[in-house]
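J.: Test case, fold it:
(one chain, ligands or ions: 2)
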Amino acid sequence: MTATTAPLLAPTTESIAAAAAALRAGSLVAFPTETVYGLGADATDDRAVAAIFAAKDRPSFNPLIIHLADQAAAEALVEMDARARILATHFWPGPLTLVLPRREACPVSLLASAGLDTLAVRVPRHPVAARLLKAFGRPIAAPSANPSGRLSPTTAAHVAEGLGHRVAMILDDGPTAIGLESTVIDLSGPDARLLRPGGLTAEEIEAVIGPLAGVEAGLGAAIAPRSPGMLESHYAPALPLRLEAFSVEADEALLAFGPQVPPGARKTLNLSPAGDVTQAAANLFAFLRRLDASGARRIAVMGVPEQGLGRAINDRLRRAAAPRPAFPD
Ligand code: AMP
Ligand code: MG
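T.: Ligands and ions are numbered 1, 2, ... in the order given. I've put the predicted structure just below:
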């Protein structure tokens, strides 16, 4: 973070190369897409993705859209079935986001998908976004470039106002054409489902792959749980969690935080030995998964301070620790 506000740069070969270099260095870059301005980071860099959540000051982790140069880049990250390929052929590049199963070897940060086994992918149509993706050569995680709770930015000036001091630079190509966010379709289950209405209409999509689930529910579909009590955007480990742990039992795994770690756990992973909440956020989902597979009976979790990203970390840990109803499958 710098005290001064980032430069607004017209998109040229030089400024786009500089933006790609900033992304490679782990910095955040704001760039135009055809929907709204995005707050971009290297999607494969846990620290850079954590910086997105810190910059937006989001009180919880929700999965981010991964922006890609072309369909081939998407195929490398997620399992695309026939429906996905047909939609990609029709609407990419464009304002359509597809939620698909992550491939085993998918290099995208688990924080970017909030620990889920699925990933939201999109190939944007805006020429500046396309040139940046090509110059960078890697996936870019990018939510809308506004502080949490504020309107999505459709001009570079909006971005500068809200997040100018959190980004290395803002690529300025004037107002965005659509001004609405991308339409999000979940293709990770048997029924294609509208998760978020957006720049591409449900009718246009249904004309290609047939009826979408969730359309009749209207806007509410974007937040409707897939099954009772289970919000689809929430990852939770299989093992029970014990929060605010000061000591640890022999059959527990320990998710530690800070320099003072109680001994005796079956396996310990420290989110941040230095007590840095942004580093802790970067490690959170990957470490929970590793402890989940450690053979322990339970995961003990040390307290994380309620400041900065600590709020989002605690939000996710509390949800994961809450009693969960059992489902038949
Ligand atoms: P934003 O990045 O702020 O434009 O929002 C991204 C949208 O995509 C949100 O509505 C997310 O809930 C949704 N989304 C992203 N990834 C996933 C995923 N893996 N599963 C379900 N929804 C997702
Ligand atoms: Mg947004």
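
J.: Next up, the contacts around the most centrally placed residue in the chain.
T.: The centroid of the chain falls nearest to Leu64 when counting by Cα atoms, centre = their mean (2.5 Å). Residues in contact with Leu64 (Cβ atoms under 8 Å, 6 or more residues apart in numbering) are Ala43, Val49, Ile52, Ala112, Ser113, Ala120, Ala141, Ala142, Pro143. C-beta coordinates here come from the backbone N, C-alpha and C atoms, glycine included.

J.: Test my guess that the fourth one contacts His67.
T.: Spelled out, that is Ala112. No - here Ala112 does not reach His67: they are 11.0 Å apart, not a contact under Cβ atoms under 8 Å.

J.: Looking at the two, which is more packed in?
T.: Between Ala112 and His67, Ala112 has the larger neighbour count (other Cβ atoms under 10 Å), namely 31 against 27.

J.: Ramachandran coordinates for the more buried one?
T.: phi -60, psi -30 (degrees, to the nearest 10).

J.: residue contacts, it?
T.: With contact taken as Cβ under 8 Å, 6+ apart, Ala112 is in contact with Ala43, Val49, Pro63, Leu64, Ile66, Leu119, Ala141.

J.: re the thing from before, next, show the common contact partners of Ala112 and His67.
T.: Ala141.

J.: Which residue is the nearest non-sequential neighbour of Leu241?
T.: Counting by Cβ to Cβ, 6 or more residues apart in numbering, Ala321 is the residue found nearest to Leu241 once chain neighbours are left out, at 4.0 Å.

J.: dump the residue contacts of the one you found.
T.: Pro240, Leu241, Arg242, Leu243, Val301.

J.: who wins for neighbours among those?
T.: Ranking these using other Cβ under 10 Å puts Val301 first, with 25 neighbours.

J.: In ChimeraX, select just the buried ones from the contacts of Leu64.
T.: A single ChimeraX command is used to select the members of those judged buried by 16 or more other Cβ atoms under 10 Å:
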select :43,49,52,112,113,120,141,142,143
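
J.: I'd like the contacts of Leu64 as JSON lines, with pLDDT, distance to Val29 and secondary structure appended.
T.: Listed next are the contacts of Leu64 as JSON lines, based on pLDDT from 0 to 100; distance: Cβ to Cβ, whole Å; DSSP: H, G, I helix; E, B strand; the rest coil:
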{"residue": "Ala43", "pLDDT": "98", "distance to Val29": "13", "secondary structure": "coil"}
{"residue": "Val49", "pLDDT": "98", "distance to Val29": "13", "secondary structure": "helix"}
{"residue": "Ile52", "pLDDT": "97", "distance to Val29": "11", "secondary structure": "helix"}
{"residue": "Ala112", "pLDDT": "96", "distance to Val29": "16", "secondary structure": "coil"}
{"residue": "Ser113", "pLDDT": "93", "distance to Val29": "20", "secondary structure": "coil"}
{"residue": "Ala120", "pLDDT": "98", "distance to Val29": "20", "secondary structure": "strand"}
{"residue": "Ala141", "pLDDT": "98", "distance to Val29": "11", "secondary structure": "strand"}
{"residue": "Ala142", "pLDDT": "98", "distance to Val29": "9", "secondary structure": "coil"}
{"residue": "Pro143", "pLDDT": "95", "distance to Val29": "13", "secondary structure": "coil"}
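
J.: Any chance of CSV for the contacts of Ala321, columns distance to Arg316 and secondary structure?
T.: Conversion of the contacts of Ala321 to CSV gives the following (distance: Cβ to Cβ, whole Å; DSSP: H, G, I helix; E, B strand; the rest coil):
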residue, distance to Arg316, secondary structure
Pro240, 15, coil
Leu241, 10, strand
Arg242, 15, strand
Leu243, 11, coil
Val301, 11, strand
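
J.: do the lengthiest helix in the chain and ligand 1 meet at all?
T.: Scanning the chain for the longest helix, with DSSP state H as the assignment, gives helix 277-292. No - under the criterion of Cβ under 6 Å from any ligand atom, ligand 1 is not reached by helix 277-292; the shortest gap measures 12.2 Å.

J.: how does this structure divide into domains?
T.: 8-228, 236-321 (automatic domain parsing).

J.: Could you identify which of the ones you listed is most buried?
T.: domain 8-228 (a mean of 20; mean count of other Cβ atoms under 10 Å).

J.: Thr97 belongs to a helix?
T.: No - Thr97: not assigned to a helix; according to DSSP: H, G, I helix; E, B strand; the rest coil it is strand.

J.: In this structure it contacts Thr183, no?
T.: Yes - the criterion here is Cβ under 8 Å, and Thr97 meets it with Thr183 at 6.8 Å.

J.: hey, what's in contact with both of those two?
T.: Common neighbours of Thr97 and Thr183 (Cβ under 8 Å, 6+ apart) are Arg196, Gly198.

J.: now Thr89, what's its secondary structure?
T.: Per three-state DSSP, Thr89 ends up helix.

J.: quick one: contacts for it?
T.: Thr89 sits next to Gln71 when contact means Cβ under 8 Å, 6+ apart.

J.: Could I get the pLDDT score of it?
T.: Listed pLDDT for Thr89 reads 98.

J.: same question, Ser227
T.: Note for Ser227: predicted pLDDT of 37.
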